[in-house]
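Chemist: coordinates for the following, if possible.
(one chain, ligands or ions: 2)
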Amino acid sequence: MTLFENRAAFLDALAAMPGPDAGAIAAARARQAQLTKPSGSLGRLEEIAVFMAGWQGAERPRLDVVQALVFAGNHGVAARGVSAFPVEVTAQMVANFAGGGAAINALAAACGADLSIVALDLDRPTGDIACEPAMDEADCLAALNAGAQAVKEETQLLFVGEMGIANTTPAAALAAMAFGGEAADWCGRGTGLDAAGVARKVAAVEAALAFHAGACTDPFETLRRLGGREIAAMAGAMLAARMRRIPVLLDGFIASASIAPLAAAFSAFTDHCLAAHRSAEAAHGRLLEHLGLEPLLALGMRLGEGSGAAVAVPLVRAALAAHGEMATFAEAEVAAGSA
Ligand SMILES: Cc1cc2ncn([C@H]3O[C@H](COP(=O)(O)O)[C@@H](O)[C@H]3O)c2cc1C
Ligand SMILES: O=C(O)c1cccnc1
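Modeler: Ligands and ions are numbered 1, 2, ... in the order given. The predicted structure follows:
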């Protein structure tokens, strides 16, 4: 099913996004207050349980179906020498995902997530954002829909990741266009660029910001001009999740940048997202601040693929286990305090 028939349908869906279930939030909070522990003593685990209750619409949310989606795409801007790796690596890594040999294969299995890989026209790199739009309208819509279609109805927690050599460059451009600042503020070392490589990246992002200035009039247009197929697919999947009230664990710099145009237009967009981690990519912390999200972890990871989100899934499981399985003061006949 095509969720977004056209540009207007995408923008309408964004404007009409639902909020969490207030009744389930109230019920989960009331339950938390009854559990055999001092109020607040499980810290953020309590907030995670209440967050999950609100988006799942259940006093005791569950985590039987965790879905991981990894989207892959290639980028015209790679020709400017903005990555430490050659573009062939994108397709080679897609083959590695299929063979089960990538980090996300191991980490998705370790956290009990159901992993799917969606490769998007790898033989057809996007336009070079420094001097042309990444995609035409049909291409951008197709990528948004590829993301949306991949989200299963029964998913109880979603995370998305990406593979696309050079994609920290469009990610930096998207973040700069959404939240302002200099190109250099948003450019890091990606896969391990040296100083000259970072300088080429900054120049590419500066050129992109100048070329597309004034034309990025809505989130669709920003994604179309400055994004990429895997980036638009991530945004489409995370919007589709929101439309179905499915909570999202947000991965690293590129996944976060994919929703920057949506969040810049509608700051409530990130309400259904938990930031899994703060990537070692220099600008990720600042980007999360703009998105209004506090990362759960900071492990020095800078891989993408959804790897940081996978590592945070056990925290959500722990939060829901405590919330769902603990006894109340009444059940355990423990005296409740005044706090
Ligand atoms: C072998 C390999 C596996 C990866 N898995 C994710 N990335 C990550 O690195 C890329 C972004 O960094 P840059 O913009 O510097 O190219 C993306 O593909 C991202 O997913 C990888 C990169 C490599 C080389
Ligand atoms: O934070 C990320 O997602 C990231 C950082 C560097 C390279 N690839 C991905």
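Chemist: distance of the residue of the stretch 101-250 of the chain found nearest ligand 2 from residue 155?
Modeler: Closest residue of the stretch 101-250 of the chain to ligand 2, C-beta to the nearest ligand atom: residue 190 (4.8 Å). C-beta coordinates here come from the backbone N, C-alpha and C atoms, glycine included. As for residue 190, its distance to residue 155 is 30 Å (criterion: C-beta to C-beta, to the nearest Å).
Chemist: who in the stretch 51-200 of the chain is up against ligand 1?
Modeler: Residues of the stretch 51-200 of the chain lying close to ligand 1 by C-beta under 6 Å from any ligand atom are 83-85, 89, 93, 162-169, 190-191.
Chemist: now the closest residue to ligand 1 within the stretch 51-200 of the chain: phi and psi?
Modeler: Residue nearest to ligand 1 within the stretch 51-200 of the chain: residue 190 (2.3 Å; C-beta to the nearest ligand atom). For residue 190, the backbone dihedrals (degrees, to the nearest 10) come out as phi 60, psi -120.
Chemist: let me see the contact set for it.
Modeler: The contact partners of residue 190, by C-beta atoms under 8 Å, 6 or more residues apart in numbering, come to 82, 83, 84, 166, 168, 169, 201, 281.
Chemist: is it correct that the third one is in contact with residue 198?
Modeler: Just to be clear, that refers to residue 84. No - between residue 84 and residue 198 there is no contact under C-beta atoms under 8 Å: 10.3 Å.
Chemist: how about the nearest residue to residue 135, chain neighbours excluded?
Modeler: Nearest residue to residue 135, sequence neighbours excluded (C-beta to C-beta, 6 or more residues apart in numbering): residue 224, at 5.1 Å.
Chemist: okay, now that neighbour: neighbour count?
Modeler: Neighbour count of residue 224, defined by other C-beta atoms under 10 Å: 27.
Chemist: could you check which helix or strand contains it?
Modeler: helix 219-226 (DSSP states H and E).
Chemist: who does that helix touch, helix- and strand-wise?
Modeler: helix 7-15, helix 137-150, helix 168-179, helix 195-212, helix 229-243, helix 260-265 (3 or more C-beta pairs under 8 Å, 6 or more residues apart in numbering; DSSP states H and E).
Chemist: which secondary structure elements does the third one contact?
Modeler: Okay, so that is helix 168-179. helix 183-186, helix 195-212, helix 219-226, helix 229-243, helix 253-258, helix 260-265, helix 284-291.
Chemist: buried set for the second one?
Modeler: So that's helix 195-212. 197-198, 200-209, 211-212 (16 or more other C-beta atoms under 10 Å).
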